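> pasting the sequence and the predicted model now:
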Amino acid sequence: MKLFDTIKTANHNLFKSKTRTFLTILAVFIGSFTIIMSNAVNAGVNDFIDKQVASIGGDGFIEVMPATAYNQVADMMQGGAKVKEYDEKSGGSILGANISNADFEKLKSVDGVKNLEVFHMLSTEWMRLQGAEKKYNVNVEYFPISGFNVDLSAGRMPDDNSPAREIIINEDWLEPLGLKNADDAIGQTVEIAIKQTAKCYIQPENCLAIVSGTIVGVQAPGVLTMDGDLHVNKAYDNELYELSMEGIPEASREIYFVIGDVEPDKIEEIRKAYRELGYEFITIDDTVGMIRTFFDAILIVFNIFGGIALLAAAIGIINTLFMSVQERTREIGLMKAMGMGKGSIFFSFSTEAILLGFWGSVFGIIISMVIGTIANNVAHNTFLADFPTFQLVIFNPLNMTVITAIIMLIAFIAGTAPARRAAKKDPIDALRYE
Amino acid sequence: MEKIIEAKNLTKIYGKKSNKFTALKDIDLSIYKGESVAIVGKSGSGKSTLMHLLALLDKPTKGTVYIDGNDASKLKNRDLNKLRNERFGFVFQQFFMNSNDTVLENVLLPLKIAKKGRKERNRLAKDALKVVDLEAKEENKAINLSGGQKQRVCIARAVVNDPQIIFADEPTGNLDSATGDKITDLLFDLNKNKGVTLIIVTHDEDLAKLCGRIIRVSDGQIISDQTVRKDSHQKASERLEKEAARVKKANREK
């Protein structure tokens, strides 16, 4: 038979027993749908992450910590730190692993490092509009923000070279602070209270320092605002830090984290140089990488589910075809008598198996796309309303082609046993078969 | 006359050792081009086995079948299939049709196997249906036909590739005598008008008598081989008409 005739005949034969074929295709569909859908969601999430990373910027931003601290964190994230022998140099806990001033200078002088600063962990208590009654919990932080793209709805970015204390808030703060809109916020003075650690040992009831600053900008909703930390300029950060550390000698102020700005294309060389010094750093890409790894792990789990469903479907295909071979024994005998070769018979039954896989995955694609489109629309009108560019599910034609090809291959392999049985039938026995 | 099939020392043994059953013993047989041959015998006599061996559907335990003087056992599978596809036609007692396919689909199956193109296939299949007078039914599903129509479709299927030999295994076995006669006529027309060699396996003496040569098989051996005549047979329908006229006449006389 010609190839096209074989495919057409196989398809025709399949749909002779509609219910059986439908059920087998349904089984394949469950597997293909699971795999196609989870890949599409993963593609959507990755696309979202890519877009956000591109929009955040900060390619050269690094967060440096001692290798011991980094490794302990890494161990903890992999399910608990291991028992280790004590080492005086690296210290006993994460908090013990700090950065000496000598090391700080060394880190600063590595080629490609543009700027390196000590990261201050500020234990702020609250923030309010100057003169207002109500106070709100707040976290503020400073890092060299120049490399980041921040979307402002009003005002400007804080100036790190300015001696004036400056802060930008995000739109969530407007209402609590009693501000009408973003423009109204610009130029307003806020007060931030911070604990003075040393003083709190002596006078726990009265150890807050209050530092005022000016709102210079309002940030539009976006990824950078998601952690809720408000961004202050260097002057504001320094003032808050100095007050919180008042009474603690400079020498005993420990450095846990260092943040910096480096040349993006030298990151890997810098990483190598830092490792030799006993330090590790995390870039924005690394952080995003962890999120990606998480979603990839979920994808793998779903693909395993899909794979198991396909395995069951493959058994369904074997079963269906064995029944078909049994039912069509006489037809096979007749075709053999009329000169159809073993190879052709094998091929025609294999084609039926491949078609079962093909239809199953085509329906998987169609239904996934329908559900995906609906999901995208629903998401855009509800929880993703703020992210118009984010597609919850993305269908990649190459992915779908590869998945379809793999499913067809699985179906073909499943079909080999029944197809071989059909090919081996003796025409005489087959014609006598009642 | 030209030998089309020749069998030498044909032996077929089924089973092994204690279950051994000899279906055919040392058969020597020649069939000539254009003959109409009836292979007659009771069930279990070995007549069907003999046909299967001659039609190259089965391999003999011993002995050789020659087609046009060539040893069939030396043919490759591919050539054997091609030979059956192009030169043999088969008609079976149980029809063996794909009942959910159309009449046309059933008829063109051998051409599909022969990898003929769609247009040619359809043309040849329609021509074959004309021969059996069923061109009006080409789009009908095979399942909706009567027994006689089914067998006519099978004859169309057997002749669609313009074969040199038609093997018919009890072609009228499932039909009443009137429809059976029609089928017989069709087969003998092919023999007479197209020179197709006809090999009919049957236990029906009436059908056998229409053939030019009758080979009787019993217990795996040929017990008689008579060539009744070299010319064609008397048309069954004519015979039927004469019979009907005779009955009519007899009734009138009463």
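Received, thanks.
> if we ignore the residues flanking it in sequence, what's nearest residue A:392?
residue A:379 (4.5 Å; CB to CB, 6 or more residues apart in numbering or on different chains). Bear in mind the C-beta positions are built from the backbone N, C-alpha and C, glycine included.
> next one: residue A:40
residue A:393 (4.1 Å).
> so what does the helix or strand hosting the residue nearest to residue A:392 touch, helix or strand wise?
Element membership of residue A:379 [criterion: DSSP states H and E] is helix A:342-381. Other elements packing on helix A:342-381 under the criterion 3 or more CB pairs under 8 Å, 6 or more residues apart in numbering or on different chains; DSSP states H and E are helix A:3-14, helix A:18-56, helix A:284-327, helix A:329-337, helix A:397-424.
> tell me the average confidence for stretch B:195-210?
Throughout stretch B:195-210, pLDDT has a mean value of 90.
> buried sites along it?
B:196, B:197, B:198, B:199, B:200, B:201, B:202, B:204, B:207, B:208, B:210 (16 or more other CB atoms under 10 Å in any protein chain shown).
> likewise stretch A:248-262?
A:255, A:256, A:257, A:258, A:259, A:260, A:261, A:262.
> quick revisit: assign the residue nearest to residue A:40 to helix, strand or coil.
coil (DSSP: H, G, I helix; E, B strand; the rest coil).
> my guess is residue A:59 contacts residue A:284, does it?
Yes. The pair residue A:59 / residue A:284 is scored as a contact, 7.2 Å apart, by CB atoms under 8 Å.
> can stretch B:192-211 be found next to chain A?
No. Residues of stretch B:192-211 contacting chain A under CB under 8 Å from any CB of the partner chain: none, with a closest distance of 12.8 Å.
> figure out how far that stretch is from the centre of its chain.
Its chain's C-alpha centre and that of stretch B:192-211 lie 8 Å apart, by CA atoms, centre = their mean, to the nearest Å.
> now the end-to-end length of that stretch.
Stretch B:192-211 has an end-to-end distance of 11 Å (CA to CA, to the nearest Å).
> with stretch A:161-174 instead?
Span of stretch A:161-174 from end to end, CA to CA: 26 Å.
> what pLDDT, on average, does it get?
Here the average pLDDT along stretch A:161-174 is 90.
> show me what the closest residue to residue A:124 other than its chain neighbours is bridged to.
Distances taken as CB to CB, 6+ apart put residue A:194 closest to residue A:124, at 5.0 Å, once the chain neighbours are dropped. For residue A:194, the beta-bridge partners are residue A:124, residue A:209 (DSSP bridges).
> what separation do you get for residue A:194 and chain B?
Distance, residue A:194 to chain B, using CB to the nearest CB, to the nearest Å: 85 Å.
> what is the burial count for that residue?
Look at residue A:194: counted by other CB atoms under 10 Å in any protein chain shown, it has 23 neighbours.
> now do the same contact list for it.
Residue A:194 sits next to A:122, A:123, A:124, A:125, A:208, A:209, A:211, A:240, A:243, A:244 when contact means CB atoms under 8 Å, 6 or more residues apart in numbering or on different chains.
> list buried residues within those.
A:122, A:124, A:208, A:209, A:211, A:240, A:243, A:244.
> pLDDT and distance to residue A:313 for the residues you listed - can I get that in CSV?
Rendered in CSV, the data for these read as follows (pLDDT from 0 to 100; distance: CB to CB, whole Å):
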residue, pLDDT, distance to residue A:313
A:122, 87, 57
A:124, 91, 58
A:208, 90, 66
A:209, 92, 68
A:211, 94, 66
A:240, 93, 62
A:243, 91, 67
A:244, 90, 63
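> ignoring the adjacent residues along the chain, who's closest to the residue positioned nearest the centre of chain B?
The centroid of chain B falls nearest to residue B:168 when counting by CA atoms, centre = their mean (1.9 Å). Distances taken as CB to CB, 6+ apart place residue B:91 nearest to residue B:168, at 4.1 Å, with adjacent residues excluded.
> that neighbour reaches residue B:156, doesn't it?
No. Using CB under 8 Å, residue B:91 makes no contact with residue B:156, being 10.1 Å away.
> of those two, who's got more company?
Comparing residue B:91 with residue B:156 by other CB under 10 Å, the one with more neighbours is residue B:156, at 28 against 25.
> tell me the SS of the residue in the stretch 51-200 of chain B that chain A sits nearest to?
Here the stretch 51-200 of chain B gets closest to chain A at one residue, residue B:85, 2.7 Å apart by CB to the nearest CB. Secondary structure assignment for residue B:85 (three-state DSSP): helix.
> who touches it in this structure?
Taking CB under 8 Å, 6+ apart as the test, what residue B:85 contacts is A:338, A:339, A:340, B:110, B:113, B:114, B:161.
> next one: stretch A:254-261 to chain centre, how far?
On CA atoms, centre = their mean, the centre of stretch A:254-261 falls 26 Å from that of its chain.
> what mean pLDDT does it get?
82.
> what comes up buried for stretch A:198-207?
Buried residues in stretch A:198-207, counted by 16+ other CB under 10 Å: A:199, A:200, A:207.
> meant to ask about stretch B:125-144
Quick answer for stretch B:125-144 (16+ other CB under 10 Å): B:125, B:126, B:128, B:129, B:131, B:132, B:134, B:135, B:137, B:138, B:141, B:142.
> which SSE is the fourth one in?
Looking back up the chat, that one is residue B:129. helix B:118-131.
> that helix: what's the following helix or strand?
helix B:147-159.
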